[in-house]
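>>> Next one to model:
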Amino acid sequence: MTAFENDPTESEALSAEGAETARLVREEIARRRISRQALADMARISLSTLEKALAGKRPFTLATLLRIEEALGVTLRTGGAPAGAGTAGDVAPDTMGAYARSAVTWMEGRYLTLRPSFGTPGGLFAYLTTIRWVPERACLGFAESGRSDSRFEQAGHVSMPNLSGHIYLVTNEQGQYRLAILSRPTIDGQLFGILTTLEVGSGSQLVPAAAPVALRKLAEAEEAPLGLVTADMPHFETYREMLARSTGADFARLHLPC
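The predicted model follows:
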């Protein structure tokens with residue numbers, strides 16, 4: 001049984017939205033005269049995932065849509081709220097901080113994201129985090145891309161409660177949580193905080209892990225070196241200094257026993 005099996009009106013609305021998204025993607029493919037395989041490669045998704053979404057056999061997930069939009073440089077989501085929703089689609093749920101869409105447009109964009117490498121001592125790990133408004137969920141969503149370990153890329157929602165004044169990137173996959181707690185942006189547009197996640201241990205074991213994390217918003221066409229960053233690379237020191245601000249400037253604290 002699907003979540004919307006007992007609500008044909010909502011199910012039909014979601015199906016219509018998926019069909020419209022598929023139409024827009026097909027139009028972009030035709031206009032640019034590229035193959036579906038080329039788009040799948042550009043968006044770092046499998047051809048099978050793209051084909052099934054275009055055929056209506058599976059929905060476009062947030063992560064898939066964000067990657068396709070990033071690859072094509074366009075917005076594919078219509079942003080329309082379901083009929084009768086009023087303005088509710090422009091305000092996030094109370095559980096996410098009840099923020100208005102108009103108040104968080106500054107958050108949307110691509111961010112260079114840095115954390116320590118879990119597998120290479122002294123190394124850093126760089127990837128992209130894209131934040132966009134998700135109309136169907138009435139909140140900001142995020143999705144990671146550009147990770148060398150792409151199978152671990154995360155996608156989820158953004159909470160921004162007034163009580164703490166912090167920004168929370170939350171992944172909830174079948175009850176498994178991964179959380180980044182970030183400061184509000186500094187004057188130079190950077191965010192700093194702490195990441196709690198699961199690290200691959202011995203064999204198939206997953207081990208809870210925490211690490212500092214830093215994000216910097218990228219300009220529209222700006223590119224940044226991604227992947228594993230080691231001390232012999234020219235951008236290592238710049239990345240290291242940026243990440244060090246998370247704990248060095250007291251944006252986050254890692255308490256360890258003496």
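>>> Any idea how many residues pack against residue 154?
For residue 154, the tally of surrounding residues (other C-beta atoms under 10 Å) stands at 19. Quick note: C-beta positions are derived from backbone N, CA and C, even for glycine.
>>> check contacts around it.
Taking C-beta atoms under 8 Å, 6 or more residues apart in numbering as the criterion, residue 154 is in contact with 142, 143, 144, 169, 171, 178.
>>> between those residues, which is closest to residue 76?
Using C-beta to C-beta, residue 143 comes nearest to residue 76 of these, at 13.5 Å.
>>> Check which helix or strand that closest one maps to.
Using DSSP states H and E, residue 143 maps to strand 139-145.
>>> Next: residue 223.
Per DSSP H and E, there is no helix or strand for residue 223.
>>> What pLDDT is listed against it?
Residue 223 is assigned 90 on the pLDDT scale.
>>> burial count for residue 165?
Neighbours of residue 165 (other C-beta under 10 Å): 9.
>>> for residue 137, same thing?
By other C-beta under 10 Å, neighbour count at residue 137 equals 14.
>>> got the contact list for it?
If you count contacts by C-beta under 8 Å, 6+ apart, then residue 137 has residue 157 around it.
>>> mind listing the strands in the stretch 1-150 of the chain by residue range?
109-116, 124-134, 139-145 (DSSP state E, counting those that start in this stretch).
>>> Which neighbouring elements make contact with the longest one?
Spelled out, it's strand 124-134. Using 3 or more C-beta pairs under 8 Å, 6 or more residues apart in numbering; DSSP states H and E as the contact test, the elements touching strand 124-134 are helix 62-72, strand 109-116, strand 139-145, strand 227-229, helix 236-248.
>>> What is the distance between the third one and the centre of its chain?
Computed by C-alpha atoms, centre = their mean, to the nearest Å, the separation of strand 139-145 from the middle of its chain amounts to 3 Å.
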